[in-house]
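Next come a sequence and a model predicted from it.
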Amino acid sequence: QVFRVTAIPDESPTELARKAAPLMRYLEAQLGMKVEFTPVTDYAAAVEALVNKKVDLAWFGGFTFVQANARSGGKMLPLVQREEDSKFRSVFITSDPAIKSLADLKGKDVSFGSQSSTSGHLMPRSFVLQAGLNPDKDFRRVAYSGAHDATIAAVAAGKVQAGALNISVWEKFVADKKVDTERVRVFYTTPSYYDYNWTVHADMPAAQREKITKAFLSLSRDDAAGKEILDLQRATRFIPTQPDNYKGIEAAAHSAGLL
Amino acid sequence: MSLCAVDAAPLAAGTARAPVLRGLSLSVEAGEAVAVIGPSGAGKTTLLQLLACALRPLAGQYELDGSSPWRLGSGDLRALRGRLFLAPQVPPLPPRQRVVTAVLAGCLPGWSFTRSLRSLLYPVDIGAAHAALAAFDLEDKLFERVDRLSGGERQRVGLARAWVSPAKLWLLDEPLSALDPMRTSLVAQALVQEARRRGVTLLASLHHVEMALAHFPRIIGLRQGQVLFDLPAAEVTPALLAQLYAQHELELASGQMPEQALLAQPPLPQMVCR
Amino acid sequence: MSLCAVDAAPLAAGTARAPVLRGLSLSVEAGEAVAVIGPSGAGKTTLLQLLACALRPLAGQYELDGSSPWRLGSGDLRALRGRLFLAPQVPPLPPRQRVVTAVLAGCLPGWSFTRSLRSLLYPVDIGAAHAALAAFDLEDKLFERVDRLSGGERQRVGLARAWVSPAKLWLLDEPLSALDPMRTSLVAQALVQEARRRGVTLLASLHHVEMALAHFPRIIGLRQGQVLFDLPAAEVTPALLAQLYAQHELELASGQMPEQALLAQPPLPQMVCR
Amino acid sequence: MKLYPQARLSIGRRGLAACLALLGLVLASFATLDLQWAQMFSLEAARSMGRFVAEFFPPDLSLAFVAKVAFASLETLAMSALGSLIAACAGLLLALGAARLHGQDSALARRPTRWLLNALRAVPELVWASLLLISAGLGPFAGTLALAAHTTGVLGRLFAEAIENCSEGPGFALRVQGAGNLRVFLYATLPQVLPQLISYTLYRWENNIRAAAVLGVVGAGGLGQLLGFHMGLFHMNKTATILAAMLLLVALVDLLSDRLRRALA
Amino acid sequence: MSGSSSAGAVPSRDPAWLGRVFWLGAAVALLWPLAVLTEFRPWILLEPQSLAVTARFLADFFPPKLELEFLRMVALEAWRTVAMATAGISLALLGAVPLGLLATRSLSVSALSGRMAQGPAALRLGTRWLLVLLRSVPELVWALIFVRVVGLGVTAGVLAIALSYAGMLGKVYAEILESGDTESTRTLLRNGAGRMQAFFYALLPQNAAELSSYTVYRWECAIRSSVVLGFVGAGGLGQQIDASMKMFNGAEVATMLLVFVFLVALADTISAALRGALR
Ligand SMILES: Nc1ncnc2c1ncn2[C@@H]1O[C@H](COP(=O)(O)OP(=O)(O)OP(=O)(O)O)[C@@H](O)[C@H]1O
Ligand SMILES: Nc1ncnc2c1ncn2[C@@H]1O[C@H](COP(=O)(O)OP(=O)(O)OP(=O)(O)O)[C@@H](O)[C@H]1O
Ligand SMILES: [Mg+2]
Ligand SMILES: [Mg+2]
């Protein structure tokens, strides 16, 4: 019996696989069965796979979770999330000195991440809408880079004038000096919302759910192995979560017409 | 086999084109050997294609073996086609194929599918192919590729295909055009004799009038899509031939008799080897 | 033009193949009209291709206009080729092309590139094409597509191409094979006369021995890649012809004279229209 | 009956080796991949596929959306058509260099041109698009150029092979008469291969309609961008409309090519 | 017939002329909206600013990334891709060959004499529509269908490739078989040979070289388009290059493009060998 895990490709699949490896080893030990991680390049594929029980555990964004929940008729159970995910934020970045606020985006080329991304598309879009702009009408062109790191690259290369992405990826890029902060800067940061989580199918036996939750919750920064995993996941620690946390995102998706 | 007041236009003729054969009637008994002669563009090829059920008459009736091919179901039509053989004017040989395969392709209607597949790997009836080629003095090219043959050799390969086919009706379109005079005569004789021996009906279009007269008992003269004459070979007179081949302009030029016009030209086929 | 002890194998012959022409020597003066006759497979086509600089002799010398084509630079060779015209045995007409374009293709060597491009859009010299077709009684097909012509009509289109070309040497491979007897004679006459009028050297391979004797002053008999005879038409005897066309087996069969063997067969080309 | 040793099918040793190597490759491929056939043929499998397909119905036919799809289709059509047209012209030019026009053609440019064509087509459309997006900016222009660049490589090679494959006769007759290579091509080779060239171009056009779908994802616009968007959001009814539009476009081109080929035949 | 039937008079005008002028005009009229819709402005490629950006990006290509670890990954992915493409194409052939033959007009017995009979014509039309359906549904959609059945992984990707390539190959096979000289095939059919017999004795020998080189070309395409395999987690070189491209990682892209060029050259060699053997 193999325990299958996948993740939405909010970063490039090679990166995902690299990040996942130690966590998978840890889960293998905790669950006592072989754990296999399959990185995909399409959000929809990850959703379909969990909804149809072709994988057992999936790393979803807030919006992907809402989508999966809707497609499975409410049979998705979010188990745990990073502490950061309970107050997640997105940033808008630009390399164009003329852009200082959301209103300046009018008539510009703007890149989101994937269309199914929470922090890369749904929430930025909903805050742009709240600011009184309609991306489909007011932006000159909307591009979907597919992943957060790709959005940074597109803005840095001047392919688009502005982009929206996940704050944690941005901070990681800044910390690693992978981006020239002289040229590319943040001009708007969104209010916080619930985002990523680890989700299972509701048909999974309760005992196993328990085991998984416990495994995540007992990860700590005190031992070397736990620290490595948490660092790679860019998490301080994991906390339990529940479906109700995502009602806000569901509402935002409805109002943005994405669901 | 009988044609009754048939109009026909060549395959792939553009749309709305005047028929090439107009109101043609003719009937041929089983086992007969008939030569079709006539000027270039008279419709000989079209006639042979019509008889081979390769094209559907625009008007009129065509009967073969007592049945009308275009009323038959597709299975029957195919069986009927298996009983006739049309050798086109330019031998239709796929390049790179070997002579033995090209010849044995004539047997296909009588072969099962597996047998024909097997024959691609190793020719199943080399003997038959060899015999057919030998009839045309070409047995030494048995394993040659068809695109390495001379013009006359290719034509004979096309005829060898008729030879091995199980057909009961041979429709040969200018079978002698690329052959040297000696072979012309030998091949014509061989074809007529073999057809008689097998009881095969033979229709050949020919430009070699002397061959037609010498070897074929019955001659049909075709001109502008119509039968000008249909006579036993002995009754075909030079005057008739002159009329058959007379050219448009000459005919119209003046009150000149067509026959005289023809004879005013340098001699037509003239005896050389006697 | 002269050939000296030439060996040659056809284009695209497989490797390590015996030459088809063996030790052939022959010379033709400018303005002569020569008929090449011989049995199927004798090497007539190969000889004409050799003369047209289409294939390089394996051994021996070939001179044209006093220069050896294969020693020329490519520019000179191309200019030399512009002065000759080869009409292959099967008329080389791309399907779907119109007759007028196919005929005018004969003018290409004399045209600038832009002119030839323009002619694709709108034929630049309809008059010339029309005149050439009229010489072969085909002017009404001027704008027809070549794949909608009968066999004989196609052949005449090929000849019309020679007619419009600026060549000084016509090499015609069986130009009469698909024509009816009346046209055979007219076309042969027209070709020889026009060649004489223009001062063009004419070499044609023929199977119509009677035509060759009637219209061509000089006859070359080719057999198994070698010249059997090379005589004025008047000196070609039936015995020589019999020897030329005698078939292998018959020759070997016994002590029988080849001539008698030939005559024992049903009559060779025989006069019909007198 | 005599035995004829020459009668065997004559495939060269090189050919035999090539066939064996191919067979080996196929076997090795299936062996190294862990393909799961078992799950394919269960009732459950059919049912779940059926459910997926059922979600597509009914397609979203609201006026606003159909109008949006129609415009996107037009954009895709324009992008793919112009890209293919440019590619056909450039491909034909390069094919002349890449083909051995006749048996004795020394074809000096053959090698380098082939390498150029190979390089053009080795780079996938997507990579071309990403490259060109940088210099040409977001939008259909970059997509058009990307399609044109890749398709030039593909068509150039296919054209070169068609030219090399076509029957020698007509070209031979003109060449021995001293007509230049280009003229022989125009008057003898082109009329023969034209249906094939057109057929390849139309086929590539159709292919490019689908490729434009992939390009849409990188921001080149058209149906592809719509498809990526709605498919990703599981808007199955809208996806169905887009799929229908693609189906129609492909069928249209298919019909067109069928007609054109028959008109040319 | 030419317009002038009176022999002798030289026709003054090519009757095809008007038609040609019309079609030329129509082509220009069509090209214009195309250029507008695609915002066709080639000159912006040459603006100094976009040239600079491009040059910067291309400069990244050199030197290609040649770290051992990376090379090992690329080699592994390359083999996986080749294997999956081969498997996909082999499966595609199972569908493409029969469908392609069904859709071929020149193998139709009833079409020998002009029009096809109704039954076969309907069958042919149905086959063509099936082929259209197979190839116009994007691979991603096929992949998602199969994810439901076989889960994430190689199988779904290979099946998606197999289906869409069956559609493409089937159609092109039919077109290749129709476009060449069909005289020898028709002669055999006319003389009563069966369809398959005519196929093996005339159509196949004429077109084998063309068919095989097209198949090899498609195999090569499948390698390139293995992006689709990434959708469902089967990996592959196409997916890698897509990822590196998105990251504007020129060095990695350069290495993988070199691998592609190598694979393309390999495909060409195979194709040439097959061609050589088949002629
Ligand atoms: N595919 C075609 N489409 C239209 N017209 C054609 C086609 N084939 C032949 N024709 C025309 O039909 C007439 C008769 O052609 P057919 O081939 O039957 O003549 P033929 O008697 O065989 O002549 P030949 O002795 O020259 O072979 C000719 O005028 C020719 O131009
Ligand atoms: N491409 C080729 N490769 C190899 N051998 C060939 C090739 N073409 C012709 N031959 C052979 O060369 C010999 C001479 O052929 P050629 O075509 O010159 O004969 P020909 O005199 O023109 O005959 P025909 O009157 O039948 O046209 C024949 O035996 C033929 O089999
Ligand atoms: Mg005819
Ligand atoms: Mg010859």
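Thanks, I have it. Ligands and ions are numbered 1, 2, ... in the order given.

what's the closest non-adjacent residue to residue B:110?
Once flanking residues are discounted, residue B:110 sits nearest to residue B:166: 4.4 Å by CB to CB, 6 or more residues apart in numbering or on different chains. The way it works is simple: take the backbone N, C-alpha and C, and place the C-beta from them, glycine included.

That neighbour in helix, strand or coil?
coil (DSSP: H, G, I helix; E, B strand; the rest coil).

which stretches of chain E have low pLDDT?
Where chain E drops to pLDDT under 70, the residues are E:1-8, E:110-115, E:279.

Domain ranges for it, per the record?
For chain E, automatic domain parsing gives the domain ranges E:12-53, E:68-278.

And the ones you listed: which comes nearest residue B:68?
domain E:68-278 (13.5 Å; CB to CB).

can you pull out the helices in the chain?
I'll assume chain A. With DSSP state H as the criterion, chain A has helices at A:13-31, A:43-51, A:62-71, A:123-130, A:135-138, A:148-156, A:167-175, A:206-217, A:224-232, A:247-256.

Please refer instead to chain D.
Using DSSP H, the helices of chain D run over D:13-32, D:43-54, D:63-98, D:110-122, D:125-136, D:140-165, D:169-175, D:181-184, D:190-215, D:223-232, D:236-264.

got those as CSV, with mean pLDDT and distance to ligand 3 columns?
Formatted as CSV, these follow (pLDDT from 0 to 100; distance: least, CB to the ion, whole Å):
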stretch, mean pLDDT, distance to ligand 3
helix D:13-32, 82, 39
helix D:43-54, 83, 56
helix D:63-98, 91, 36
helix D:110-122, 90, 41
helix D:125-136, 80, 50
helix D:140-165, 89, 28
helix D:169-175, 80, 19
helix D:181-184, 84, 28
helix D:190-215, 85, 22
helix D:223-232, 85, 52
helix D:236-264, 87, 24
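
Mind putting these into CSV with distance to residue B:32?
Shown next, in CSV, are the helices of chain D (distance: least, CB to CB, whole Å):
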stretch, distance to residue B:32
helix D:13-32, 49
helix D:43-54, 64
helix D:63-98, 54
helix D:110-122, 58
helix D:125-136, 66
helix D:140-165, 44
helix D:169-175, 37
helix D:181-184, 48
helix D:190-215, 41
helix D:223-232, 66
helix D:236-264, 39
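
To residue A:21, which of these lies closest?
Proximity to residue A:21 (CB to CB) singles out helix D:13-32 among these, at 22.5 Å.

Report the buried residues of the closest one.
For helix D:13-32, burial by neighbour count (16 or more other CB atoms under 10 Å in any protein chain shown) applies to D:15, D:18, D:22, D:25-26, D:29.

of those residues, closest to residue E:170?
Residue E:170 has its nearest neighbour among the buried residues of helix D:13-32 in residue D:26, at 19.1 Å by CB to CB.

Correct me if wrong: residue A:172 contacts residue A:234.
Yes: with contact defined as CB atoms under 8 Å, residue A:172 and residue A:234 form a contacting pair (6.4 Å).

still on that earlier bit, save the helices of chain A as a markdown table, and put in mean pLDDT too.
Converted to a markdown table, the helices of chain A look like this (pLDDT from 0 to 100):
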| stretch | mean pLDDT |
| --- | --- |
| helix A:13-31 | 86 |
| helix A:43-51 | 89 |
| helix A:62-71 | 90 |
| helix A:123-130 | 90 |
| helix A:135-138 | 87 |
| helix A:148-156 | 84 |
| helix A:167-175 | 88 |
| helix A:206-217 | 89 |
| helix A:224-232 | 87 |
| helix A:247-256 | 88 |
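
Alright, I will stop here.
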